[in-house]
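[1] fold the following, please.
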Amino acid sequence: MTEAEKPLNFEQAVKRLEEIVRALDDQTLPLDAALALFEEGILVSRQCAAHLEVARARVEKLVEQAPGVFSLEAFDQETSAGDTDDEDEE
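    Purely as a prediction, here's the structure:
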């Protein structure tokens, strides 16, 4: 496997995406080169998404079951993002 074929870590992938965006902003870029960069950008963005999914799966939250008793639970994206129910607590 050559250096160019090695999978990028998340930080490298984000850096490469930034480079691609800067290059695509150059309005003098030939169409074929722009399309090749766009295709690479799609592949790199998918790598980023895969890295984020792995990270999300590893996130755990610490939950106190009773005073001084804790357990680990898998991170639940849906409940953590929407804990703002507008129900009255009377």
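[2] what helices and strands are in contact with the top helix by length along the chain?
    As assigned by DSSP state H, the longest helix anywhere in the chain is helix 31-58. If you count contacts as 3 or more C-beta pairs under 8 Å, 6 or more residues apart in numbering; DSSP states H and E, helix 31-58 packs onto helix 10-25. Glycine gets a C-beta too; all of them are placed from N, C-alpha and C.
[3] could you list the low-pLDDT ranges of the chain?
    Applying pLDDT under 70 to the chain flags the ranges 1-5, 60-66, 74-90.
[4] what about 50?
    Residues of the chain that meet the criterion pLDDT under 50 lie in 1, 84-90.
[5] phi and psi next, for Val69.
    The phi/psi pair for Val69 (degrees, to the nearest 10) reads phi -110, psi 120.
[6] next one: Thr28
    When read as degrees, to the nearest 10, the backbone of Thr28 gives phi -90, psi 0.
[7] what's near enough to touch it?
    Not one residue lies near Thr28 by C-beta atoms under 8 Å, 6 or more residues apart in numbering.
[8] re the thing from before, next, the buried residues of the longest helix of the chain.
    With burial defined by 16 or more other C-beta atoms under 10 Å, the residues of helix 31-58 counted as buried are Leu37, Gly41, Val44, Gln47, Cys48, His51.
[9] and the angle for that helix with helix 10-25?
    Relative orientation of helix 31-58 versus helix 10-25 (axes from the mean of the first three to the mean of the last three C-alpha atoms, to 10 degrees): 150 degrees.
[10] coming back round to it: CSV please, covering the buried residues of helix 31-58 and showing distance to Thr28.
    Shown next, in CSV, are these (distance: C-beta to C-beta, whole Å):
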residue, distance to Thr28
Leu37, 13
Gly41, 18
Val44, 23
Gln47, 28
Cys48, 28
His51, 33
